[in-house]
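Chemist: no sequence on hand, only this structure:
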């Protein structure tokens, strides 16, 4: 986008890319020069496409928050400390230009980035004839290894941070509001707003991820595709099975309230809904006290939802689900096609 | 793209992401875990959109090469050693799927990546309703600083690697072949092929960039927007002016041959054409011998094309152009809107 590109980049630089820990040279050269200070690097990249991963009418503030949050959540799942980001924006041509849009985007971005000391160190803006498309690369640091998905062992406790299913419930409301297929359900305005906030502004669990790693936890993923799907990634990579108590899954007060009248929803949203951006961690029981203490310090809910079982070659599925200690059939799909 | 996404990622992982220097954990977890081994990091990200930055009918092999090359060229301009990449593919739905496409893409990618020992460490594949869009993040390492665009000083010699203008000439031919506006010109099939190879498969000057940095060169950019535009970035960032001898600009044998009959083209393509992915370096004269020696060792053409002058607040332009020691007016535009 030629001249316009440089103006947008300068605007992003002046709002988001000014200074930062370990930034020797930020936006404005061919590449950023960054100082890991002897530590190791954790790198992830996620792309969001309008009409696929977010509604085209989303506010630039919320979009920026979410694009950053989903990447920071990947760093959290590794136990890394978030440090730097690169951002690529592919922008459709539009008459009114992007000056105000970029300002609002920068506001939403910095609301999250400043919380964790993440600096925008580079990136790219281009024009596209297609939908608005954002790619974010997040770079973090670790001094002592990472949590990985192939490190679950039989006997491990399965932990979940925060609560599950809120974003999926909110997405259903949002679909219905926009005249698409979706599950309508009665809820109050405050309930709706609480769910919607979880959908639009997920909280990457960076502090807890780093603390868990430091405490000796070896295995985690972030819960983005749906609890069953993401736990399934751990089980496949680690070659183990799991037992999960559905009635133990952590629900927000709002979702618990709504689900009370309708257990079928309780089953679907927290299990397969996706977009929670909580952490699923597997840890030896000896670490339970330390983990619970760490969560308490961070005022973060942490719930034991099941345990890792040894592989059983003849088992029909890797996950056994219970409800009040009775076996429960698994839903037919484990995850979701990313919102929308 | 749900199930399809995991299949494509697995295919990319098995072809491109298996092992690599400093890769502790590659594709397949929430993020990659990479070991800079105590060195500093250089990071860049570039996005290419079908119909904007490449013709939609480009082969997947050539597209992969170019998407990687333009990013590695940014690392070369900093003097960094290329090490790891992240790749995001936003793929339009299509009936015949992407299996064969990904295989061909991987072939083109590894043809360049293997040359420099660059490992694909992560990324993302998503579906899009718009044009094919690729974002690449390239990560490199440096042990002793970087070359930057704000470090040109009066008296510095301006150097250019390789030759300029080939890609721009080829782009004109490609436009005409596709029935778009473009400058047709008579050329033989071998000439056309040579120019087209430079357009489709630019060579990032990584070895020379690293050697120049190690020799003490402080200032470089890669020549992607056009020689005048990119030199202009140096001049603006460094607060200096430049004198450039147009007749000294390095041309390939093919372009020199074609331009002989038409000096107007000679002026336009090498000066403003863009997509050359050569390096423009500014270095104190005391470094000239070492730079020429390094270029000779690498069998790389290196040409002195001008010199850096002090700032002159009343000068009408930051670049003075000469042709056989006579002043020459500057073209009205210095750069190009990225091909196409």
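Modeler: The structure has been received and is ready for your questions. Model, not experiment: these values are computed from the prediction. Numbers count the residues shown, from 1 in each chain, chains lettered A, B, ... in the order given.
Chemist: just give the nearest non-adjacent residue to residue A:71, would you?
Modeler: The shortest distance from residue A:71 to any non-neighbouring residue, by C-beta to C-beta, 6 or more residues apart in numbering or on different chains, is to residue A:138 (3.8 Å). Heads up, the C-betas are built off the backbone N, CA and C, glycines and all.
Chemist: show me what from the stretch 51-200 of chain A comes close to chain B.
Modeler: Within reach of chain B by C-beta under 8 Å from any C-beta of the partner chain, the stretch 51-200 of chain A has these residues: A:51-53, A:73-75, A:77-78, A:80, A:84, A:86-88, A:90, A:121-124, A:126-131, A:133, A:135, A:137-140, A:142, A:145-146, A:148-150.
Chemist: filter those down to the ones in strands?
Modeler: A:84, A:86-88, A:90, A:121-124, A:126-128, A:133, A:135, A:137-140, A:142 (DSSP state E).
Chemist: just the helices from the stretch 1-150 of chain A, written as ranges.
Modeler: Ranges of helices in the stretch 1-150 of chain A, per DSSP state H, counting those that start in this stretch, are A:2-16, A:60-78, A:99-116.
Chemist: comparing the ones you listed, which comes out most buried?
Modeler: helix A:60-78 (a mean of 26; mean count of other C-beta atoms under 10 Å in any protein chain shown).
Chemist: for it, packing partners?
Modeler: Where contact means 3 or more C-beta pairs under 8 Å, 6 or more residues apart in numbering or on different chains; DSSP states H and E, helix A:60-78 is packed against strand A:40-49, strand A:81-92, helix A:99-116, strand A:133-142, helix A:189-200, helix A:206-215, strand A:219-223.
Chemist: take these and write them to TSV, including mean pLDDT and distance to residue B:306.
Modeler: As requested, those are exported to TSV (pLDDT from 0 to 100; distance: least, C-beta to C-beta, whole Å):
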stretch	mean pLDDT	distance to residue B:306
strand A:40-49	97	39
strand A:81-92	97	33
helix A:99-116	95	36
strand A:133-142	98	36
helix A:189-200	96	53
helix A:206-215	98	49
strand A:219-223	97	52
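Chemist: can you list contacts of the worst-scoring helix or strand of chain A on mean pLDDT?
Modeler: The helix or strand of chain A with the poorest confidence is helix A:2-16; it has a mean of 75 (mean pLDDT, DSSP states H and E). Helix A:2-16 is contacted from outside by A:1, A:26-28, A:87, A:89, A:91, A:97-99, A:102-103, A:106, A:109-110, A:113, A:119-120, A:123, A:125-126, B:335, B:337, using C-beta atoms under 8 Å, 6 or more residues apart in numbering or on different chains.
Chemist: just want the residue of the stretch 51-200 of chain A that's nearest chain B.
Modeler: residue A:130 (1.4 Å; C-beta to the nearest C-beta).
Chemist: neighbours around that residue, how many?
Modeler: The local packing of residue A:130 (other C-beta atoms under 10 Å in any protein chain shown) involves 22 other residues.
Chemist: now do the contacts for residue A:185.
Modeler: By C-beta under 8 Å, 6+ apart, residue A:185 lies in contact with A:169, A:172, A:173, A:258, A:262, A:265.
Chemist: can you say which of these are buried?
Modeler: A:169, A:172, A:173, A:258, A:265 (16 or more other C-beta atoms under 10 Å in any protein chain shown).
Chemist: who touches residue A:331 in this structure?
Modeler: So residue A:331 contacts A:228, A:267, A:268, A:271, A:272 (C-beta under 8 Å, 6+ apart).
Chemist: what ranges do the helices span in the stretch 151-300 of chain A?
Modeler: A:166-177, A:189-200, A:206-215, A:227-238, A:253-259, A:263-272, A:288-297.
Chemist: the ones you listed: which one's closest to residue B:242?
Modeler: Ranking the helices of the stretch 151-300 of chain A by proximity to residue B:242 (C-beta to C-beta) places helix A:206-215 first, at 46.0 Å.
Chemist: how distant is the closest one from the center of its chain?
Modeler: 16 Å (C-alpha atoms, centre = their mean, to the nearest Å).
Chemist: name the residues of it that come out as buried.
Modeler: By 16+ other C-beta under 10 Å, the buried positions in helix A:206-215 come out as A:206, A:207, A:208, A:209, A:210, A:211, A:212, A:213.
Chemist: tell me how far the fifth one lies from residue B:282.
Modeler: I take that to be residue A:210. Residue A:210 is 43 Å from residue B:282, where distance means C-beta to C-beta, to the nearest Å.
Chemist: contacting residues for the most centrally placed residue in chain A?
Modeler: By C-alpha atoms, centre = their mean, the mean C-alpha position of chain A lies nearest to residue A:277, the distance being 2.9 Å. Residue A:277 sits next to A:69, A:70, A:73, A:167, A:202, A:203, A:204, A:205, A:222, A:223, A:224 when contact means C-beta under 8 Å, 6+ apart.
Chemist: pLDDT at it, what is it?
Modeler: We note a pLDDT of 97 for residue A:277 in this prediction.
Chemist: how much space between it and chain B?
Modeler: From residue A:277 across to chain B, the span is 11 Å (C-beta to the nearest C-beta, to the nearest Å).
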